[in-house]
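> the following block contains a protein sequence and its predicted model.
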Amino acid sequence: VQLVESGGGLVQAGGSLRLSCAASGSTFSINTMGWYRQAPGKQRELVASITSGGGTTNYADSVKGRFTISRDNAQNTMYLQMNSLKPEDTAVYYCNAARTAYSSGSFYFPRVDYWGQGTQVTVSS
C-alpha cells in the first residue's frame with residue numbers, strides 16, 4: 001500500500017486547510033485509516049481515524065469540533081478538513097492506513113501499518 005499526502009501549507013490562526021491522502025496498491029486489506037501528527041520534540045499522536053466503511057470516526061479531544069475526517073472509497077482517498085486552526089496544530093501530518101490485528105483459528109495476525117511521507121502544516125499566530 002502506498003500513501004501520498006497533499007494539502008499542507010502555511011495558514012493564519014483561524015484559517016482552514018484540507019489534507020488529502022491518496023492510497024494505491026493492495027488497499028483491499030485496509031480496514032482503518034487515520035491522520036497522525038508530530039510536532040518538533042513531541043511524540044506522534046493520533047488526530048483522527050475512520051473505518052473502511054466510513055461509519056465510525058474517532059477524534060483527539062484537541063481537534064473535536066474543528067477537524068472532520070472523511071473518505072471516498074471509490075477514489076481510495078481520505079481527507080482531513082481542518083477549520084479554526086490554532087498555532088498548536090502546527091506539525092507534520094501523516095496519513096496512516098492499517099490492517100488491524102485479527103485471529104484465524106490458531107493463528108494471530110498482528111496489525112500492519114502503512115505511512116505516507118508527511119505534509120507540513122504551519123499555523124501562524
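It's in.
> okay, the nearest residue to residue 109 once chain neighbours are set aside: pLDDT?
Distance criterion CB to CB, 6 or more residues apart in numbering; nearest residue to residue 109, sequence neighbours excluded, is residue 102 at 5.5 Å. For every residue, glycine as well, the C-beta is placed using N, CA and C. Per-residue pLDDT puts residue 102 at 91.
> cool, residue 2 as well?
Per-residue pLDDT puts residue 2 at 95.
> who does it form a beta bridge with?
residue 24 (DSSP bridges).
> can you tell me how far the residue nearest to residue 109 is from residue 108?
To residue 108, residue 102 is 8 Å away according to CB to CB, to the nearest Å.
> okay, and the common contacts of these two?
When contacts are counted by CB atoms under 8 Å, 6 or more residues apart in numbering, residue 102 and residue 108 are jointly contacted by no residue.
> what's the spacing between the residue of the chain positioned farthest from its centre and residue 19?
The centre of the chain is farthest from one residue, residue 106, which by CA atoms, centre = their mean lies 32.3 Å away. Using CB to CB, residue 106 is found at 41 Å from residue 19.
> where do the strands sit along this structure?
Listed in chain order, the strands of the chain (DSSP state E) span 2-6, 9-12, 17-24, 32-38, 45-51, 57-59, 67-72, 77-82, 91-99, 102-104, 107-109, 112-115, 119-124.
> and the residue farthest from the centre of the chain, backbone torsions?
Dihedral pair for residue 106: phi -90, psi 10, per degrees, to the nearest 10.
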